[in-house]
Each structure stands twice: as structure tokens, then as C-alpha cells.
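1. Turn this into a structure:
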Amino acid sequence: MASQIDFAIAVGLFFAFISVLIVYMLNYLINYSSISTTSELRTVAHNIYTTLFADKGIPKNWTEGTNTPLKVGLVTDMYRVPVLVNENSSADRGNVTLNLSLSFDGACNKNIWNNTVRMIGASGNDVPVKLYNQTFCSQQLLRTADIVFNDTFSAGQTRNYSIYFSQDKNITGPNYTTPFPSLVNFSFVIYPEEKLKVVSAERLLALRRLNYTDVLNTLSKEYYFNLRISTD
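-> Presented below is the predicted three-dimensional model:
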């Protein structure tokens, strides 16, 4: 009698376990499609991102031709040069105009476009600059220049700046009017330049001459997606 009771309890536990297992499997199968789709979309998004934003594409100068590139790349090189400026006369200067001489591309192998030069202050503010005494590698490809800029200095103050420049030909140059200065008692420390990767306005605009199929063909697989380019 006791063995029959034990058998009945064991059977009951077995069916309870099987019921829970079946419910779990049904829930998994119901959600599997959603999980699989989400995982696939993440993989697709990652592949598209790395294809478009990993490098300049193949060929690197695909924006200059009329043929469809083997691979579309939307990034370009941007350079940043940190600069430290110190007021040495121990006198409040107020708003002053200063001149900094800089070599942008001494070897003429970076293709720096002269309209791209910008100076940013330590707080992220745009510092008005004007280029004087420019020398070029060719056309508007900048080699060296004097950077003239305005800022306010108190006695003995040190300020940090970052000078940015790139290869992007679709950047409009600033329109600041700044006279060439003759101030002294300022010292400059120019640090080694840093190379950055940024999305290129020139390459984004070049996408307009490619049709949807052209872009799809440059991806490793046939993915369908929407891409909106705005100049706002």
C-alpha cells in the first residue's frame, strides 16, 4: 500500500515537472522570434555602422569621381593641436589680438583645406581667428600660416586652446576681420598634434549622387535601411 502511495506521489511530481517544462518551452518558442529578430537587427546595425564609419571607403577619394565606390566611407581625418598661451608682463591686458605661427602640413601629405581651421577655447567657445601669411601645398591645401585671434587676458593668466583643421572641402571658412597684431610679452607652447576621425560633410553630401542600390551594393550583405541627410 505504501509503495502505491509513493508511486502515485512520484507520478504526480513527474507530471508537475513535465507541465512546468512544457510551459517554459512554449513561452520560449513564442518569444524566440522576437529575440531572434532583435539580435539580428543589432548585428545588422553594427555591420552597417562599421562599414560606413570605420574608414574613408574604397577608394579613399571616391567623392572626387563619378563611379560607384567599392565601399562607401563617411569619415575623414581631423587634426587637433593643443596650445597654451601665457601673459608674461603681469599686467591686465583686457581684449587683445595675438598671433600664433603654425605648420599645418609641412610635408604636404595631409591635404589640409584652409577653410577648416578653427580655434576652440577651454570652455568650448569658438575663438575668432583669421589666417595671415599663408603658404600652400597646392590650391587651397594649407601648409603654414599665422593664426590671429582675439581674447581677454588678466595679469599673468594662462589660457588653453585647441586648433582644429581637416581635409573636408565642404566647410565654409569663417568671416572674421582681425587686424595683424604687434603685441609682445606673450609666450606660446604648441603641443604635438592629435589625429581624430570625424564624419565628413563632403562625404555625406557625396552620397546624394549615389542611388539607393549603389549604397546597398557597397555593404557586405543586402540590408535595407533608411538614411536621411539634412543640412539643417
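2. Domain ranges for the chain, per the record?
-> 1-74+201-232, 78-199 (automatic domain parsing).
3. Using JSON lines, lay out those together with mean neighbour count.
-> Any C-beta I mention is one placed from the backbone N, CA and C, and that applies to glycine too. Shown next, in JSON lines, are the domains of the chain (neighbours: other CB atoms under 10 Å):
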{"stretch": "domain 1-74+201-232", "mean neighbour count": "12"}
{"stretch": "domain 78-199", "mean neighbour count": "15"}
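4. need the least confident one among these, by mean pLDDT.
-> For the domains of the chain, mean pLDDT drops lowest on domain 1-74+201-232, to a mean of 68.
5. For Asp87, which non-adjacent residue is spatially closest?
-> Actually, residue 87 is Glu rather than Asp. Phe153 (4.4 Å; CB to CB, 6 or more residues apart in numbering).
6. Of all residues in the chain, which one is nearest the centre?
-> Val198 (2.8 Å; CA atoms, centre = their mean).
7. What residues does that one make contact with?
-> The neighbours of Val198, taking CB atoms under 8 Å, 6 or more residues apart in numbering as the test, are Val75, Thr76, Met78, Ser166.
8. List the residues that contact the closest residue to Ser101 other than its chain neighbours.
-> Leaving aside its sequence neighbours, Ser101 sits nearest to Asp146 (CB to CB, 6+ apart; 5.2 Å). Going by CB under 8 Å, 6+ apart, Asp146 touches Asn99, Leu100, Ser101, Leu102, Leu131, Tyr132, Asn133, Phe180.
9. and the two most separated of the residues you listed?
-> Leu102 and Phe180 (15.1 Å; CB to CB).
10. Phi and psi next, for Phe180.
-> phi -70, psi 130 (degrees, to the nearest 10).
11. no wait, Leu204
-> Residue torsions, per degrees, to the nearest 10, at Leu204 are phi -60, psi -40.
12. doesn't Leu74 make contact with it?
-> Yes: using CB atoms under 8 Å, Leu204 is in contact with Leu74, at 6.2 Å.
13. three-state assignment of Thr172?
-> coil (DSSP: H, G, I helix; E, B strand; the rest coil).
14. Show me how far stretch 107-121 is from its chain's centre.
-> Centre-to-centre, stretch 107-121 and its host chain are 16 Å apart (CA atoms, centre = their mean, to the nearest Å).
15. First-to-last residue distance for it?
-> 28 Å (CA to CA, to the nearest Å).
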